[in-house]
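Chemist: when you get a sec, could you give me coordinates for this:
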Amino acid sequence: MVSVSIRIGTRKSTMALAQTDDIARRLSIAAPELNVEIIKFETTGDNDQTSKLLIHGGKGGAFVAGIRAAVTSGKLHAAMHSLKDMPGNEDTPGLVIGAMLARDPPTDALVVRQGISIEDIKCSRGKGYKIGTNAVRRAAYARRLFPEIEVIHFRGAADTRIRKLDNRDMQKLPNGGEAGPADALIMARSGLERVGLANRIAMEFSPKDMLPAVGQGIVAVECAAGDWRTRQYLSLIDDRAAHLCGDAEREVLWILNGHCNSPVAGYSKIDGARMLLTASVLDDAGNGIIEVTRSGPADRPRELGRAVGLELLDKGAAEIIARTRPGP
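Modeler: Numbering: from 1, shown residues only. Predicted structure coming up:
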């Protein structure tokens, strides 16, 4: 058997490495002749865990751009990304998503520090408590669910954030100040499971209460559009249902022309030959929300995503997005 090598780039975080190890395992099973080499990258977003992601060009600039450049230059055959971190434009010149893995649970969860009960937070409507998150979507939903909560800027890898929570560390702010300590964090359930910390979940939010981020729970593998050998190998681990859902949700982002400071959410699921897609746009205070649900043929995901996105625009989503767009 002739050995074939493939180099996959990834971030150095515990969760990113776990996701990439999963890709390597799946490829090794599907193509035993394949030798998968994992190349670790320190991204801008990993090196700077204080600033808002906006100054780095959002999640795309902070976590994706550097690894993408290595694929484009030929240093890598492929790159691992969490789909929710990828820029919302539908296609990137010269690159394609060769595979999306079967979707992990897409929901968000609340992690609380020792000595605090989730019932205390619920009963007080959040008054006197601080919830940490860097996601504007999570912050907006948190303010809707707990109207008197204080949301604080909180960044870092999943295991690092929980360590900061338990140690009652103050969080450095982009303006040089500090906030905290946090009493709870909102995090992705799938991320907590990847790093072995699912036991810390105090409350899981249903999609009805907190609609997930577009692509949340889906691991994507990107490669050069003209690299047909790599595309063929990646097709062996591609999950059709996840890919269809990812395409539908990302089409909503494409239509809305959102930015990294826009509280946009979207989640789809397939039932037989049909797909149900729900997407929403919230103002950053969580006071106003526009939500649209539509169904359509599962094998035409972008048409469904386009219809949902256009209906959101008809209902005023553009105005909300414009208000959250950063100034010059």
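
Chemist: going by C-alpha atoms from here, please, whenever you check contacts or count neighbours.
Modeler: Noted.

Chemist: would you indicate which residues of stretch 75-86 are buried?
Modeler: For stretch 75-86, the neighbour count (16 or more other CA atoms under 10 Å) marks 76-86 as buried.

Chemist: elements contacting the one helix or strand A202 maps to?
Modeler: For A202, the host element (DSSP states H and E) is strand 201-204. In terms of contacts (3 or more CA pairs under 8 Å, 6 or more residues apart in numbering; DSSP states H and E), strand 201-204 is packed against strand 108-112.

Chemist: what's next to the strand it packs on, contact-wise?
Modeler: Here strand 108-112 makes contact (CA atoms under 8 Å, 6 or more residues apart in numbering) with 118, 165, 183-189, 200-206, 210, 212.

Chemist: let's see that with 7 Å instead.
Modeler: By CA atoms under 7 Å, 6 or more residues apart in numbering, the residues outside strand 108-112 that reach it are 183-189, 200-205, 212.

Chemist: A78: what's it in contact with?
Modeler: By CA under 7 Å, 6+ apart, the contact list for A78 reads 7-9, 71, 221-223.

Chemist: closest to T278 out of the residues you listed?
Modeler: Nearest to T278 among those: V221, at 24.6 Å, using CA to CA.

Chemist: ok, the closest residue to the closest one other than its chain neighbours to G191 distance?
Modeler: Nearest non-adjacent residue to V221, counting by CA to CA, 6 or more residues apart in numbering: M80, 4.7 Å away. For M80, the distance to G191 equals 15 Å [CA to CA, to the nearest Å].

Chemist: cool, and G66?
Modeler: When distance is defined by CA to CA, G66 is 22 Å away from G191.

Chemist: higher neighbour count, those two?
Modeler: More crowded of G66 and G191, by other CA atoms under 10 Å: G191, with 26 against 17.

Chemist: give me the next element, helix or strand, following the one helix or strand A242 maps to.
Modeler: Using DSSP H and E, A242 falls within helix 240-256. Reading on from helix 240-256 to the C-terminus, the next helix or strand found by DSSP H and E is strand 264-271.

Chemist: residues making contact with that following strand?
Modeler: Here strand 264-271 makes contact (CA under 7 Å, 6+ apart) with 137, 211-214, 245, 249, 275-282, 298.

Chemist: tell me where the stretch 151-300 of the chain has strands.
Modeler: Along the stretch 151-300 of the chain, counting by DSSP state E, counting those that start in this stretch, strands occupy 171-172, 178-179, 184-188, 201-204, 219-224, 264-271, 274-282, 289-297.

Chemist: what pairs with the second one, and is each one parallel or antiparallel?
Modeler: By that I understand strand 178-179. strand 171-172 (antiparallel) (DSSP bridges).

Chemist: sorry, back to before: of the contacts of strand 264-271, just the buried ones, PyMOL syntax please.
Modeler: Those of these that count as buried under 16+ other CA under 10 Å are selected in PyMOL with:
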select buried, resi 137+211+212+213+214+245+249+275+276+277+278+279+280+281+282+298
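
Chemist: of the contacts of strand 264-271, which is the nearest to A317?
Modeler: Lowest distance from A317 to the contacts of strand 264-271 (CA to CA) belongs to V281, with 6.2 Å.

Chemist: one step back: what would the buried residues of stretch 75-86 look like in a markdown table with secondary structure and pLDDT?
Modeler: Output for these, formatted as a markdown table (DSSP: H, G, I helix; E, B strand; the rest coil; pLDDT from 0 to 100):
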| residue | secondary structure | pLDDT |
| --- | --- | --- |
| L76 | coil | 95 |
| H77 | coil | 97 |
| A78 | strand | 97 |
| A79 | strand | 95 |
| M80 | strand | 94 |
| H81 | strand | 93 |
| S82 | strand | 92 |
| L83 | helix | 94 |
| K84 | helix | 91 |
| D85 | helix | 86 |
| M86 | coil | 87 |
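
Chemist: tell me the mean pLDDT for stretch 31-41?
Modeler: Taken as a whole, stretch 31-41 has an average pLDDT of 94.

Chemist: and that stretch, what's buried?
Modeler: Going by neighbour count (16+ other CA under 10 Å), the buried part of stretch 31-41 is 34, 36, 38-41.

Chemist: farthest pair within those residues?
Modeler: L34 and F41 (21.9 Å).

Chemist: count of neighbours near W254?
Modeler: For W254, using other CA under 10 Å, the count is 17.

Chemist: quick check: it touching G88?
Modeler: Yes: checked against CA atoms under 7 Å, the pair W254 and G88 is within contact range at 5.8 Å.
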